[in-house]
Structure formats: C-alpha cells, structure tokens
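Asks: coordinates for the following, if possible.
(one chain, ligands or ions: 2)
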Amino acid sequence: MLFLPTLLLFCLLPLLAICAEDYYKVSNSVAESHPIVAGSRSRERLILISQLLGIDKQASEREIKKAYRTLSKKYHPDKNPDDESAKQKFVEIAEAYDALSTPETRKIYDQYGHEGLKQRQQGGDRQQHHDPFDLFSRFFGGGGHFGHGERRGPNMEVRVHVPLRDFYNGAEHDFTIERQGICGKCEGTGSEDGVVDVCQTCGGRGMVVQKHMLAPGIFQQMQMQCDKCGGKGKTVRHACKVCGGTRVIRETESHVLHVEKGMPKGVRITYENEADESPDWVAGDLIVLLMELEPSLGATDENLERTDGTFFRRKGKDLFWREVLSLREAWMGGWTRNLTHLDGHVVRLSRKRGQVVQPNTVEVLQGEGMPIWHSEDGEAYGALHVEYVVVLPDQMDKGMEKEFWETWEKWRRKKGVDLLKDSGRPVPRGHDEL
Ligand SMILES: [Zn+2]
Ligand SMILES: [Zn+2]
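Replies: Ligands and ions are numbered 1, 2, ... in the order given. Just a heads-up that it's a prediction; the model follows:
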C-alpha cells in the first residue's frame with residue numbers, strides 16, 4: 001500500500017515545481033508556454049487531481065485553497081480559449097476541490113485516500129457538487145470569469161525589499177499581505193444560513209424611485225440607492241457571524257516571491273487576481289515591486305552577511321567596490337586582497353612588488369559583476385569595478401620626515417627631476433616629457 005503514495009509523490013514533485021513557476025508572471029519577460037507533464041490523459045488527470053487531493057495527506061485547508069487558486073486560474077477557459085482539455089481540467093480541479101473542501105470528505109481521504117473518495121462519488125453522493133464557475137467566483141469574486149464585461153477590482157502594489165545577495169544568487173521568499181477577502185464562512189453571501197432574499201423594498205434593483213413635490217401638482221422623480229439593502233438588491237435574515245453580513249473579511253495572505261538571478265531592482269512581479277476580493281468584482285492583480293535592501297550588519301546571524309559582497313553597490317549589471325590601500329602598498333606593491341563575493345567565492349586582487357597603484361584607479365574585473373537577467377548567451381555576468389583609495393599616514397615623526405626628505409633630495413639630484421613635474425601638475429608645452 002506504500003506504493004501508491006510514493007508514486008503520487010514522485011509524479012507530483014516536478015509538477016509542483018512547474019506550478020510554482022507558473023504561479024507568477026514577470027513583466028517584460030518572454031511569455032512562456034505552460035508545459036504539462038507529458039503522458040496519457042488519465043495520468044494527467046491523476047496528477048491534476050492529486051495536486052489538489054494529494055499535495056500531502058496532511059495538507060491544511062489553506063494549502064488546498066492555495067492549490068485551487070493557482071490551478072483554477074491557470075486552466076480557466078477564459079485564459080485558454082478553444083482549448084477543450086483546459087476546460088476539462090478546470091472542471092476537474094473544481095471537482096477535486098469540492099472533494100476535499102469539507103471535513104467529512106477530507107476524513108475519507110485521510111483514511112482511504114484517493115480511491116475512497118472516488119468510491120464515495122460513484123456511490124452517487126454529489127451533494128457537494130458546485131458549478132465550477134460558481135466555485136471560481138467564490139474565490140476571485142465577480143461572476144466566475146476574467147473578461148466579458150466583468151467588473152474588476154483595483155490592483156494592489158506592495159514593495160518587497162531583498163538584499164543584494166538574493167539578486168545575485170536568486171532566492172525564494174515568503175511574504176504576507178493583508179487584504180480584503182471573500183468570507184469563507186458564508187461563501188460571500190453574507191448570510192449565516194445561506195438564504196438570500198430579494199430585497200422587498202427595491203425588488204432586487206438596488207435603486208428606488210422617490211417622488212418629491214416641487215410645487216403643488218409638480219413632482220420630481222429621483223433615483224436613489226435603496227436604504228434597506230444598501231444597493232445590493234438582496235437581503236439576508238440572519239447575517240453571517242464571521243463577516244457580519246458584509247460578505248468580506250480582512251485576511252492575511254502569504255505568497256512566495258521568486259527572485260531570479262540578476263533581476264533588476266524595481267521590477268514588477270504580477271500575481272494575477274490576488275488583490276482585494278469582493279463578490280461584486282473580479283479581484284485585481286497583486287503587483288510586487290522588488291526593491292533592494294540596504295546592507296546592514298546584525299540583521300541576520302548568517303556569516304554571509306559579513307562578506308565584502310554585502311557591501312558591493314550595484315548599477316544594472318555591474319558591481320562597484322572601493323578598496324583601501326596604504327601609501328606603502330600603493331607605492332611599492334607587494335600586496336594581496338581576497339574579496340569574498342556574494343556567493344562566497346573569492347576574488348583575488350594583488351600587485352607584485354614594485355607595481356604602483358595610483359589613487360582612484362579603477363580596475364575592471366569582467367565577469368565578476370551581476371548575473372545578466374534573461375541573457376541570450378547563457379550564463380553571463382557584468383563587471384566588478386574596484387576603485388583604489390589610497391590612505392596616507394597621518395603621523396610622521398621628526399626622524400622619518402628628515403630621512404624621507406633626504407631620500408627625495410638625493411633622488412631628485414640624481415634623476416634631475418624638477419619640482420614642477422614632481423608636483424603632478426600638467427607640464428607646460430615644450431618640456432621634455434621624460
Ligand atoms: Zn433594496
Ligand atoms: Zn460571512
């Protein structure tokens with residue numbers, strides 16, 4: 001009996017990965033096709049249902065809902081016009097969700113697995129069956145469709161800050177937003193017992209006509225929003241205790257953010273239909289604006305935080321770093337520096353003895369910059385620009401000064417260097433450069 005769950009899990013892993021990728025869409029990115037694991041129809045069906053049924057036997061209600069949200073958007077017929085198989089999958093996903101959405105059916109699944117549920121369904125118990133579009137509208141609002149004149153809620157924008165390291169290496173983060181969601185208790189009806197009546201006052205139109213007498217015998221007719229139902233056209237006798245009849249609740253929703261290697265900062269990542277929900281409209285998109293977190297020590301315990309790379313500065317595909325040299329190093333050479341890059345690899349900087357580094361020289365190390373996002377020639381990187389800053393000693397005792405002075409004087413006399421040239425100022429025309 002261990003074989004089936006193992007097989008399910010085996011089938012599931014690659015598909016989950018694909019789904020996770022499909023779950024979000026990056027603006028500016030090339031639209032990708034959505035490959036489904038190849039195989040027979042029945043195998044696909046098994047996989048699809050198991051994605052909902054078998055995420056894990058211990059999958060929480062939240063996880064099941066999440067799976068439904070992801071898949072139902074992906075296979076919605078409005079998004080896959082003229083694709084019969086997508087429509088079929090959309091229906092199956094709704095059925096699978098139905099099968100797991102009540103504690104009772106979940107218990108059967110926990111005990112008897114997929115087969116148990118199947119037998120139960122074959123036994124003619126279809127009371128849980130929802131219209132797939134109706135189910136969809138309970139998750140995303142509106143009438144269960146994406147377009148066709150449906151009203152659409154506002155988009156929602158949030159900023160998420162991640163450290164430079166994540167832009168370099170790629171990363172996954174969970175983040176949470178607070179938003180308005182359709183009340184799950186009353187399924188967006190606002191009614192405790194599920195009974196919704198047509199408003200007696202306005203007859204379901206949400207508007208009433210009021211007559212005002214302007215002068216004897218002269219009336220003005222005005223359309224007003226119905227007070228009784230607040231313009232909804234529907235009333236409930238017993239308001240839902242969770243949402244108080246408002247049909248919506250405040251809720252926190254968590255999402256996974258996939259930071260791709262080399263993503264530019266300020267990129268917008270769209271999570272379709274994940275903004276505020278309402279039974280009156282189709283939820284708008286949640287848009288994540290990806291920002292760079294300023295480096296700071298002590299934010300985490302990770303050792304990586306203390307690497308040089310943490311303090312690289314980024315400009316597009318290039319990275320910038322300032323390396324400090326002492327006067328002796330800059331002048332006489334014979335030094336080595338090991339910079340720890342953002343992924344932990346070491347970039348070695350060095351000069352042999354006698355190699356001078358002038359202050360503010362910039363050394364460009366090709367290939368040590370940021371990964372180039374969506375690069376056309378495979379894995380490619382920008383450059384790391386290292387600027388050398390030379391620090392002069394701020395102390396000098398009498399003896400040192402005297403010795404240095406004498407050394408200089410001796411050298412000048414020997415080489416015939418004049419002070420003007422030695423000062424570093426531009427030499428007037430006509431002089432011999434040497
Ligand atoms: Zn009314
Ligand atoms: Zn409610």
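
Asks: count of residues packed around the residue of the stretch 51-200 of the chain at minimum distance from ligand 1?
Replies: The shortest separation between the stretch 51-200 of the chain and ligand 1 is 3.0 Å, found at Cys199 (distances taken as C-beta to the ion). Heads up, the C-betas are built off the backbone N, CA and C, glycines and all. Look at Cys199: counted by other C-beta atoms under 10 Å, it has 20 neighbours.

Asks: equivalent analysis for the one 10 residues further on, please.
Replies: For Val209, the number of neighbouring residues by other C-beta under 10 Å comes to 10.

Asks: who touches it in this structure?
Replies: Contact partners of Val209, counting by C-beta atoms under 8 Å, 6 or more residues apart in numbering, are 221-224.

Asks: let me see the backbone angles for it.
Replies: Reported as degrees, to the nearest 10, the phi and psi values for Val209 are phi -100, psi 120.

Asks: now swap in Asn80 and tell me
Replies: Comment: the main-chain dihedrals of Asn80 come out as phi -130, psi 60, following degrees, to the nearest 10.

Asks: what's the burial count for the closest residue to it other than its chain neighbours?
Replies: Closest residue to Asn80 in three dimensions, ignoring its sequence neighbours and counting by C-beta to C-beta, 6 or more residues apart in numbering: Ala86, at 3.5 Å. Other residues within reach of Ala86 by the criterion other C-beta under 10 Å amount to 18.

Asks: equivalent analysis for His145, please.
Replies: Burial of His145 is recorded as 16 neighbouring residues (other C-beta under 10 Å).

Asks: in which helix or strand does Phe320 reside?
Replies: With secondary structure defined by DSSP states H and E, Phe320 is part of strand 318-326.

Asks: no no, Glu63
Replies: Assigned by DSSP H and E, Glu63 belongs to helix 61-74.

Asks: quick check: mean pLDDT of that helix?
Replies: For helix 61-74, the mean pLDDT works out to 82.

Asks: and that helix, what does it pack against?
Replies: Other elements packing on helix 61-74 under the criterion 3 or more C-beta pairs under 8 Å, 6 or more residues apart in numbering; DSSP states H and E are helix 3-22, helix 41-53, helix 84-101, helix 132-140.

Asks: send me that helix as CSV with only the CA atoms.
Replies: Included here for helix 61-74 are C-alpha records, laid out as CSV according to Å, rounded to 0.1, in the frame of the first residue of the first chain:
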residue,chain,number,x,y,z
GLU,A,61,-7.2,23.8,4.4
ARG,A,62,-5.1,26.8,3.5
GLU,A,63,-2.8,24.7,1.3
ILE,A,64,-5.7,23.1,-0.5
LYS,A,65,-7.3,26.5,-1.1
LYS,A,66,-3.9,27.8,-2.4
ALA,A,67,-3.6,24.9,-4.8
TYR,A,68,-7.1,25.6,-6.1
ARG,A,69,-6.4,29.2,-6.6
THR,A,70,-3.3,28.5,-8.6
LEU,A,71,-4.7,25.9,-10.8
SER,A,72,-8.1,27.2,-11.4
LYS,A,73,-6.6,30.5,-12.7
LYS,A,74,-4.2,28.6,-14.9
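
Asks: hmm, back to that, ok, of the contacts of Val209, which one's closest to ligand 2?
Replies: Met224 (27.1 Å).

Asks: hang on, the closest one packs against Arg205?
Replies: No - with contact defined as C-beta atoms under 8 Å, Met224 does not count as touching Arg205 (11.3 Å).

Asks: of the two, who's got more company?
Replies: For Met224 against Arg205, the residue with the higher neighbour count under other C-beta under 10 Å is Arg205, and the figures read 15 against 11.

Asks: list the contacts for the residue nearest to that one when sequence neighbours are not counted?
Replies: Closest residue to Arg205 apart from its sequence neighbours, by C-beta to C-beta, 6+ apart: Gly233 at 5.9 Å. Contact analysis of Gly233 by C-beta under 8 Å, 6+ apart lists 198-199, 202-206, 226.

Asks: Gly233 and ligand 1, how far apart?
Replies: 6 Å (C-beta to the ion, to the nearest Å).

Asks: again with Ala383
Replies: If you go by C-beta to the ion, the gap between Ala383 and ligand 1 works out to 67 Å.

Asks: kindly provide the whole-number mean pLDDT of stretch 294-301.
Replies: Mean predicted lDDT for stretch 294-301 stands at 68.

Asks: my bad, should have said stretch 370-382
Replies: This predicted structure assigns stretch 370-382 an average pLDDT of 91.

Asks: okay, how far is it across that stretch, tip to tip?
Replies: 5 Å (C-alpha to C-alpha, to the nearest Å).

Asks: again, but for stretch 275-282
Replies: In stretch 275-282, first residue to last residue: 9 Å (C-alpha to C-alpha).

Asks: show me the shaky parts of the stretch 301-434 of the chain.
Replies: Flagging of the stretch 301-434 of the chain using pLDDT under 70 yields the residue ranges 301-305, 417-424, 427-434.

Asks: what's the burial count for Ala94?
Replies: 23.

Asks: just the one 3 residues further on next, same as before
Replies: Using other C-beta under 10 Å, Tyr97 has 25 neighbouring residues.

Asks: quick check: closest non-adjacent residue to it.
Replies: The spatially closest residue to Tyr97, leaving aside those adjacent along the chain, is Tyr68, at 4.4 Å (C-beta to C-beta, 6+ apart).
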